[in-house]
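Chemist: Below is the sequence, then the predicted model.
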Amino acid sequence: MTQTPPPVTTEAAALSVAGAGLRRYRMGPALIGAGADATVVILEPGDNPGISGVQNSTEVLLRGDAVPALHSRFDFWQALPLHLFARLDQGCLPLGTARCRGGPSAPTDFTYAELRLDQPLTREMLDAIRPVPAPGAVPGVDWVDHVVTDPIRALESFVLGWFPAEEAGPAGKESAVGELDDLPKALAAFHRLACLRPAVHRFRNPVLERPRRTSGPLGDRLVFAVDGEGLRDWSIPWPPQELDEADPRVWLTEDPCQADQETILEEEPLSRFLLQYTLYEAMNAALYQARTYCMPTARLAPLWTMLRPVPLSPFLPAYTAEKFYVAPGLLATISSDEHEAVVTFAALHRATLTRLLEHGFRWSSFDG
């Protein structure tokens, strides 16, 4: 049912909520009023994922130059009430109250704040504050045809289509892995791709620009990717156990810094594993994401007409065991059994996610 947004007010009236002794500050595009009774934040509208402004129905991000005087105003436990407004053509739209959920610990570093609204915004309010822009061009999914027969080609096509080109980096970057002779073909291809699309070296769980030699319970190995928190790493036997082994198997090592580390053999060989890994990290890095609550598996039926399965084994089978699916400009993982399922989406454009609303899923998070 459509809900009517609250009436807009003037900037002066919005700032008056802060009370006596009002002081004005700027953090990026946001105007912040600090008074005796409360802190008021007036946000600029627009689609600014990961930068500043309304991110989704509950999340708001402030980002700008350091404002040390505001640090105590955004303390989670002792701060004065925090009132949010969005500036529209007609006036300032009240968004409700919020709490700060993240930010620097030192006043001199107070350059950002992660806020959570106490009451989620309605769809009508979101569309007024953050109009959904028309989608831009999106990459196709023909690369899926090559996953089984030529996974390196599939990886190259996906990376070049999904990640935008950037300005050339420092000269000589391409030779960063040259110190290691005879890298497997798939790993060498990944590093060549990184020269064209540097974003693949900025994953939350990075593929190492310089793979490192180490040893473990199964012998000498070459670590080529690590968990961002150091809880696990991925490696291949090094030197290769077989001279003609062009596509080696991959080892997942749990707690690699511990003496009692556990090593598990991944389902996919290196070429297909690197595609698996890149799809997973591309979802983590996507600006627009959504995740459903657990629901009956039968509710997935409407998705089969739009999503194409990627013929890879489930990723991280000891954890979420997610299978990958794709559509133009959209990635998805599904973790399911015969009875229940959870779906996670990642998109290049907000409008691609917004269209998913028609399926009527219950969302635990939704950036569309």
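Modeler: Alright, I've got the coordinates.
Chemist: report the longest helix in this structure, please.
Modeler: helix 270-285 (DSSP state H).
Chemist: model confidence over the following helix or strand past it, on average?
Modeler: Downstream of helix 270-285, the next assigned helix or strand under DSSP states H and E is strand 288-292. Averaged across strand 288-292, pLDDT comes to 95.
Chemist: What does the pLDDT read for residue 218?
Modeler: The model reports residue 218 with a pLDDT of 71.
Chemist: could you measure it against residue 360, distance?
Modeler: Relative to residue 360, residue 218 is positioned 48 Å away (criterion: C-beta to C-beta, to the nearest Å). All C-beta spots, glycine's among them, are computed from the backbone N, C-alpha and C.
Chemist: Please say which of those two ends up with more neighbours.
Modeler: residue 218 (13 against 8; other C-beta atoms under 10 Å).
Chemist: got the contact list for the more buried one?
Modeler: Residue 218 sits next to 237, 251, 263 when contact means C-beta atoms under 8 Å, 6 or more residues apart in numbering.
Chemist: okay, the angle between the longest helix of the chain and strand 288-292?
Modeler: In terms of direction (axes from the mean of the first three to the mean of the last three C-alpha atoms, to 10 degrees), helix 270-285 departs from strand 288-292 by 90 degrees.
Chemist: Identify each buried residue in helix 270-285, please.
Modeler: 270-283, 285 (16 or more other C-beta atoms under 10 Å).
Chemist: Show residues contacting stretch 73-81.
Modeler: For stretch 73-81, contacts defined as C-beta under 8 Å, 6+ apart pick out 32, 34, 37-39, 72, 82, 97, 99-101, 103, 110, 113, 115.
Chemist: Please state the offset of stretch 219-226 from the chain centre?
Modeler: 26 Å (C-alpha atoms, centre = their mean, to the nearest Å).
Chemist: Measure how buried residue 358 is and give me the count.
Modeler: 8.
Chemist: And for residue 120?
Modeler: 15.
Chemist: Please report the distance of it from residue 128.
Modeler: Taking C-beta to C-beta, one finds residue 120 at 15 Å from residue 128.
Chemist: same check, this time on residue 40
Modeler: 19 Å.
Chemist: who's more crowded, these two?
Modeler: Counted by other C-beta under 10 Å, residue 40 and residue 128 do not tie: residue 40 has more neighbours, with 25 against 17.
Chemist: mind checking which helix or strand the more buried one is in?
Modeler: strand 39-43.
Chemist: who does that strand pair up with?
Modeler: strand 30-34 (antiparallel), strand 82-88 (parallel) (DSSP bridges).
Chemist: So what's the residue count around the closest residue to residue 272 other than its chain neighbours?
Modeler: Ranked by C-beta to C-beta, 6 or more residues apart in numbering and with sequence neighbours excluded, the top spatial neighbour of residue 272 is residue 151, at 4.6 Å. Number of residues near residue 151 (other C-beta under 10 Å) recorded here: 25.
Chemist: Next: residue 298.
Modeler: For residue 298, using other C-beta under 10 Å, the count is 9.
Chemist: Phi first, then psi, for it.
Modeler: When quoted as degrees, to the nearest 10, the phi and psi of residue 298 stand at phi -60, psi -20.
Chemist: Tell me the spacing between it and residue 194.
Modeler: 41 Å.
Chemist: again with residue 42
Modeler: In terms of C-beta to C-beta, residue 42 sits 41 Å off from residue 194.
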